[in-house]
Each structure stands twice: as structure tokens, then as C-alpha cells.
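A.B. asks: let's see this in three dimensions:
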Amino acid sequence: MDSKNSLEKIIARFDRYHPARIDLTLERIIRLLDELNSPHKDLPRVIHVAGTNGKGSTISFLRSIYEAAGLVVSTYTSPHLIGFNERYVLEGDIISESDLCAILKEVEAINNGEPITQFEILTAAAFLSLSRTNSDVVLIETGLGGRFDATNVVDNPIATIITPVSMDHEMFLGSNINSIAGEKAAIQKSGAKSIIAPQSEEVMKVIERQGIEVGAKIYQAGVDYEFEKIKNGFSYTSKMLSISIPRMSLVGPHQIINAATAVACVEQCEQIQIDEKHIINGISNASWSGRLELLSDGILKRCLPQGWDVWLDAGHNEAAGKALCDSLSEIRLGHKKPLHIFFGMLEDKNPAVFLKSLVKHAASLTAVPLVDEPRGHIPEDLLALLRDEGIEAISETSIEEALNNLAKKSHLATILICGSHSLVGRIIRLNTPISPR
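C.D. replies: Below you'll find the model as predicted:
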């Protein structure tokens, strides 16, 4: 594929269509979808997911459960770790770059130069590609918020899910938790099941009130279903279902919340018949890269000292920091070998808020830049923000340099690389699997 038509070039070209003034509205995406013959109205059963943390993991559990039952599942999620095509899973497979390029150019041509955001074009392309699949279930993740998110044009989902809501993206969603909850709660639809993960009391009130107003069928954690950790899994109990999940593939206490939320959704979507064995197998085998993931064997891993464990987590807000802290305690990272944390973050993220729960686990904190990410904090700014909160850290010119310098000092270490999807994605790229001879 020539450079003019490469995926990166095509997506970069969309910047020229960006509206001079961003109005919080669905009018642009609806206009484009109408011109594409409304593909969003020609989808199979849709489950729409919003929330602050856990959206992608919840979708991964849902996908794994439905696929364990032999169903064909397609998904649209964001952001990506390595390439834009990761966002589009069609009938179980990530779309090829060439197919994504073709559908993006098709959508771009129909848009005909009209003002529109990059995410709106990407989402229109998602609806168009999803409408052309033979899927049994389509899982869609909001990009930002809910009310005016480009995905919120689906008016007849079989269910909506709201994962735990906390402070994030305040510039766009509001400066208080009630405003943020209200934006995310706006994906609830009349007649559709509304699965609500555990929330703070004030957030739950906002979500419940809005759900009642639109006529959604609310199914609430702690009221309609309950769950509890047991050994390596959890138990789930409701009026209709009592099940024990002996093992989970995704690590951390917060993943129990996400898995239980997925089970609640599966239970309530009576249109799709699922057996208990499919739930157990699905949760045991779900995968979601970049969420407290242990780096596997690869080129980068082989360059590091023997005995190093490298963990990756793309979390970047306060709630993600707390969840990561709980996970570190549970799996005892840093107890046998010193834990060194490397982090890079976007400019709209506060490193002190994210890291304050993690500091107690760390032998060192190192800030690194986000390569090829113009919105990334420079390390010196991260250090200044941390110093303001009494947190000491050092900086390095790159994640590669940071790892090399630590390797010269320590031959026994546990590494946690976190703070952004961009940084975690770079590590995964650097760790390209070694091809067998």
C-alpha cells in the first residue's frame, strides 16, 4: 500500500475536516450516517457500554462468554494499544489494515469534506462495517462520556452497561462526579436493560434517576445481583442465577467487578440463551491486552536481565491507580523483588492523582516521554506536578533508556509500566514475538 493511502495517512487526513468550533451534539454523526443509509439501524443485537474504568475489560468478558457459546461477536472499542484496526473486531477477527483503509475512504468520500471529527468518522466506519457482518451480538464502547458520544446513536440496544464511574475527562464531562455520571447515564434507553456496576451512592442516584426517566429496565449491583470473591474467582448470585466462577484470566480485584457486570448482562439478555458452562469458560479465558498484563517472551523481554518480571497497565486516572494498588497488594508485586514504576501520561492527566496510591509499593518512580504522542506530558512537567504533592521521581529520555539504566544497577527487579495506552502499546511493539527458526 502506498504512503498516500496508508492507514496512518488516511486518519491524519481527517484532521482537515475538524469543525472550527466543537458543539456538543450528535448532528454531525447523524448527518453522515443518514448519507450512508443509516447502518447503525441495521445492526443485530447491540450491547452499549459506558463508564470511566472497566469498559474494555467488561466487553472482553462478554465477548468471551458469547464466543464460548458458539455465537459470532463483533466489537467496536477505543482507544487502541498498537494500531487503529484493533478497535474493529468483525466476526471475531481484527479488521485488516487494507479493509479498514477501504471503508474509511468510503466514509470519507460520502462525507464530502463536511465538518466532522476524527472519532465521528471512525465511528461511522464502525457502524458501516458492523452492519455488513453476520454477527449474533455487537458490543460497542463509548469513546468519551455518553450523551454526545458518537456511539450514542444506537436507539434500540438490548442492553446498556455503566461500569464504575469516577473523575476523568473533567474538561469535557464536567468538574463534579454528578455531571460526569449524568453524561454516562445518558446511554440508557427506553425498554432496554440497564446493567449498573457498583457505584458510589451519589453516582447511583444519578444513573437510577435518569434510567427511570427514559424507561430503562434497571438491574443494579447490590440490589438485583451480588458477587463475592472466592479464592481465584468469585461467586455471583441473583434471583435467577447462582454460579461460582473458579478461575479468572484477568488479574486484580477490580476485574471481579467487570466480570460480574458481564454476567449480569448475559443473565438479563434473555434474547440470547447462554448456559452456565459458557459463562465459566468465557470468564476463565477472556483476554484484554494492557490491563495488568505480564510481558511475555519477546525481543524486548530477552534484552532485560534474567529474572525480571515486567507488568503493563494502561490505567491513567485516580480510580485506575487505586485499582492497580489493590491488585499489586493481592498478587504481592514488589514483596520479593523491588518494584520500579515507569510511567508516561497525557497532558490532561494528573500524575499525582494516579500515582498517589502506588507510591508505597515503589522502590523508584521514573517518568518517560510518550513517543509519537503530541498530547503527551514531557517528563519534566510530570516531575514538577509530582513534587507539588511531595512525590519524588526521576526522568529518562525514553522508556528504552530507562530500562537500560535500571538494568545496570539492578539485576533483580519487578517492573510496572503504566499511565497511558500509548506507552503500553510501545512496549508491546518493542516486544515483538520471536519467530521460530
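A.B. asks: ranges for the strands of the stretch 101-250 of the chain?
C.D. replies: Shown for the stretch 101-250 of the chain, the strands assigned by DSSP state E, counting those that start in this stretch span residues 137-141, 159-162, 193-196, 217-220, 225-230, 233-238, 242-245.
A.B. asks: low-scoring pLDDT stretches of the stretch 201-350 of the chain, where are they?
C.D. replies: 333-335 (pLDDT under 70).
A.B. asks: make it 90
C.D. replies: Applying pLDDT under 90 to the stretch 201-350 of the chain flags residues 231-232, 251, 270-271, 273, 296-297, 301-303, 306-307, 319, 328-337, 348.
A.B. asks: which stretches in it count as helices?
C.D. replies: Assigned by DSSP state H, counting those that start in this stretch, the stretch 201-350 of the chain shows helices spanning 201-214, 253-268, 276-285, 299-303, 318-331.
A.B. asks: just how off-centre is the longest one within its chain?
C.D. replies: Using C-alpha atoms, centre = their mean, to the nearest Å, the distance from the centre of helix 253-268 to the centre of the chain it belongs to is 15 Å.
A.B. asks: buried sites along it?
C.D. replies: 254-268 (16 or more other C-beta atoms under 10 Å). Just so you know, the C-beta spots here come from the backbone N, C-alpha and C atoms, and that holds for glycine as well.
A.B. asks: and stretch 393-406, by the same measure?
C.D. replies: Buried, per 16+ other C-beta under 10 Å, within stretch 393-406: 393, 395-396, 399-400, 402-403, 406.
A.B. asks: returning to that earlier point: which stretch among the helices of the stretch 201-350 of the chain is buried most, on average?
C.D. replies: Of the helices of the stretch 201-350 of the chain, the one with the most neighbours on average (mean count of other C-beta atoms under 10 Å) is helix 253-268, at a mean of 25.
A.B. asks: put the alpha carbons of that one into PDB.
C.D. replies: What follows is helix 253-268, C-alpha atoms only, in PDB (Å, rounded to 0.1, in the frame of the first residue of the first chain):
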ATOM      1  CA  PRO A 253      -9.900  -7.400  42.300                       C
ATOM      2  CA  HIS A 254     -11.400  -4.800  40.000                       C
ATOM      3  CA  GLN A 255     -11.700  -7.500  37.300                       C
ATOM      4  CA  ILE A 256     -14.200  -9.300  39.500                       C
ATOM      5  CA  ILE A 257     -16.400  -6.200  39.300                       C
ATOM      6  CA  ASN A 258     -16.100  -6.200  35.500                       C
ATOM      7  CA  ALA A 259     -16.700 -10.000  35.200                       C
ATOM      8  CA  ALA A 260     -19.700  -9.900  37.500                       C
ATOM      9  CA  THR A 261     -21.100  -7.000  35.500                       C
ATOM     10  CA  ALA A 262     -20.800  -9.000  32.300                       C
ATOM     11  CA  VAL A 263     -22.500 -12.000  34.000                       C
ATOM     12  CA  ALA A 264     -25.400  -9.700  35.000                       C
ATOM     13  CA  CYS A 265     -25.700  -8.500  31.400                       C
ATOM     14  CA  VAL A 266     -25.700 -12.100  30.000                       C
ATOM     15  CA  GLU A 267     -28.300 -13.100  32.600                       C
ATOM     16  CA  GLN A 268     -30.600 -10.300  31.700                       C
END
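A.B. asks: ok so, going back, redo the helices of the stretch 201-350 of the chain as CSV? Include distance to Ala185.
C.D. replies: CSV is the format used below for these (distance: least, C-beta to C-beta, whole Å):
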stretch, distance to Ala185
helix 201-214, 4
helix 253-268, 15
helix 276-285, 26
helix 299-303, 41
helix 318-331, 17
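A.B. asks: relative to Pro433, which of the ones you listed is closest?
C.D. replies: helix 299-303 (7.9 Å; C-beta to C-beta).
A.B. asks: who's in contact with the closest one?
C.D. replies: Residues outside helix 299-303 that contact it (C-beta atoms under 8 Å, 6 or more residues apart in numbering): 295, 310, 427, 430-434.
A.B. asks: list only buried entries from those residues.
C.D. replies: Buried among the contacts of helix 299-303 (16+ other C-beta under 10 Å): 295, 310, 427, 430-431.
A.B. asks: mind telling me the two of the residues you listed farthest from one another?
C.D. replies: Using C-beta to C-beta, the buried ones among the contacts of helix 299-303 reach their maximum pairwise distance at Val310 and Leu430, which is 10.8 Å.
A.B. asks: rewinding a little: closest to Asp34 out of the buried ones among the contacts of helix 299-303?
C.D. replies: Closest approach to Asp34 among those (C-beta to C-beta): Ile427, at 41.6 Å.
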